[in-house]
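1. output the structure for:
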Amino acid sequence: MVGCGSIGQGVLPLILRHIGMEPSQITIVNSDERGSRVAAEMGVTYIVQPLTRENFRDVLSPMLGQGDFLLNLSVDVSSVALIAFCRDVGALYLDTCVEPWLGGYTDTSLSASQRSNYGLRESALALREGGNSGPTALITHGANPGLVSHFVKQALLNLANDTGVVTTVPTTRAEWGALAQTLSVKVIHIAERDTQVANIPKERDEFVNTWSVDGFVGEGCQPAELGWGTHETVWPADARRHDFGSGAAIYLERPGASTRVRTWTPLEGPFHGFLITHNESISIADYYTVKNGDEVAYRPTVHYAYHPADDAVLSVHELAGKNWNMQSRTRLMMDEIISGTDELGVLLMGHANGAYWYGSRLTIEEARSLAPYNNATSLQVTAAVLAGVIWAMENPDRGVIEPDAIDHDRILEITKPYLGEVVGVYSDWTPLLDRGVLFPEAVDTSEPWLFGNFRVV
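-> Residues are numbered from 1 along each chain as shown. Below is the predicted model:
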């Protein structure tokens, strides 16, 4: 395991619970001591050694060989470099996002397009060139990206059943795309509301979060990104296309952590979420693209819409006010959380039933009863990491592969015991609800599902 922050510490007991192995078979390599206490309690070897471009092969080569597994839960270590290394030595691989080397997210010598998740994804998929054989490298398989891609498939099947669309379970990418097109799904939000609160309030000059602070700040400072659907008719003034790759997504010339959108979850109702870039915004849009020859006939608009814990929102406001310069202190909320739920799901919109949310509602009390070293947010991630590791072990020769292309039933079978209440809920909500009551607003009432109606300006 490379990295041992909140997700590494939380997944460790799950791995030992579900996979037949001894603690002595696990070695953790991390850049600091943060996970050493948990590793010691679990009887796992812990090495403090920051990985760099220059040393990572020398450090990892003695530990990994044919049939071993590299679980990458780090920040500031290149995923592409580790995948290529694993391919060379015959080791399996999983990560929760495609990471660059240190500084890659904010390297102004690179264009916004190059330092986007779109660009990072293309760099990982480029490893398939010349054939995609070799040990399985399952990329971006946490909660989101990862678990939410399996939620989308189950939501589509539920929607088909509820609207009388006769279908067998699709088995190919083309069949899944055809189902989404038949159902007229125009927009997919990864809609998440985290209501966990602690008995220790956020202090000045402190960034507080319920999962990796470094990870959240890194992705929040990247350009806002979204899969761009075929129903969209109005081009955002600050939007840009990429001149390489699949063309499934666009980016905005502003950080995701300063871009807000309207969305909805069953427990919270309507709210404003941050349009934080995530790999699933691109991979889901790409996976469900339907083409007639070279022409794109159908694609949904896909993006994250995230309202983190309230103290994390305050932390983001402070971060932005310092021109995205990080606070001097950070804190991961864990034992001090006293209540709250992480409501994480996918919101499918534009179909015959309007809007349909499908996902996990996990309380802090349930999370603590299910697994040690976790809160509600981390357990949704660590359960998905565990499921991805098991799937990769069961399918060891699939090369570089994304969550959208693997068996959603198998992943949900493993994760559901750790997800609290998994539900599907219909709603008549649209982003036009109650608009223009206090002040006039420029909305397009002819098509409620346009991105401009969701965006908060």
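2. need the phi and psi values for the nearest residue to Glu33 once chain neighbours are set aside.
-> Residue nearest to Glu33 in three dimensions, not counting chain neighbours: Val48, with 6.1 Å by Cβ to Cβ, 6 or more residues apart in numbering. All C-beta atoms are positioned from the backbone trio N, CA, C, and that covers glycine. Here is the backbone geometry of Val48 (degrees, to the nearest 10): phi -90, psi 110.
3. make 626 the starting number, not 1.
-> With the count now opening at 626, the last piece we talked about shows up as Val673.
4. so what's the residue count around Val673?
-> By the criterion of other Cβ atoms under 10 Å, Val673 has 14 neighbours.
5. Ala862 now?
-> The number of residues packed near Ala862 is 7, by other Cβ under 10 Å.
6. same deal with Arg954?
-> Counted with other Cβ under 10 Å, the neighbours of Arg954 add up to 12.
7. now do whatever helix or strand Val886 lives in: which elements does it pack against?
-> Using DSSP states H and E, Val886 falls within strand 885-890. Using 3 or more Cβ pairs under 8 Å, 6 or more residues apart in numbering; DSSP states H and E as the contact test, the elements touching strand 885-890 are strand 812-819, strand 894-899, strand 926-932, strand 966-976, strand 979-988, helix 1076-1079.
8. alpha carbons of the longest one, as PDB, please.
-> Right, strand 966-976. Provided in PDB are the C-alpha atoms of strand 966-976 (Å, rounded to 0.1, in the frame of the first residue of the first chain):
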ATOM      1  CA  THR A 966     -24.900  11.300   7.400                       C
ATOM      2  CA  ASP A 967     -23.100  11.100   4.100                       C
ATOM      3  CA  GLU A 968     -25.700  10.900   1.400                       C
ATOM      4  CA  LEU A 969     -23.900   9.900  -1.800                       C
ATOM      5  CA  GLY A 970     -25.700   8.900  -5.000                       C
ATOM      6  CA  VAL A 971     -26.400   9.600  -8.600                       C
ATOM      7  CA  LEU A 972     -29.200  11.800  -9.800                       C
ATOM      8  CA  LEU A 973     -30.500  10.900 -13.200                       C
ATOM      9  CA  MET A 974     -32.600  13.600 -14.900                       C
ATOM     10  CA  GLY A 975     -34.600  14.300 -18.000                       C
ATOM     11  CA  HIS A 976     -36.300  10.900 -18.400                       C
END
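9. next, the angle from that strand to strand 885-890.
-> 100 degrees (axes from the mean of the first three to the mean of the last three Cα atoms, to 10 degrees).
10. pairing partners for strand 966-976, with directions?
-> Using DSSP bridges, the strands paired with strand 966-976 are strand 812-819 (antiparallel), strand 979-988 (antiparallel).
11. so for the last one, what gets flagged as buried?
-> Of the residues in strand 979-988, those with enough neighbours to count as buried (16 or more other Cβ atoms under 10 Å) are 980-988.
12. what does the least confident helix or strand in the chain by mean pLDDT rub up against?
-> Every helix and strand of the chain was ranked by mean pLDDT, DSSP states H and E. The lowest is helix 838-845, at a mean of 93. By Cβ atoms under 8 Å, 6 or more residues apart in numbering, the residues outside helix 838-845 that reach it are 630, 700-701, 722, 730, 742, 832, 834, 880-882, 899, 901-903, 933, 937, 941, 944, 951, 955-957.
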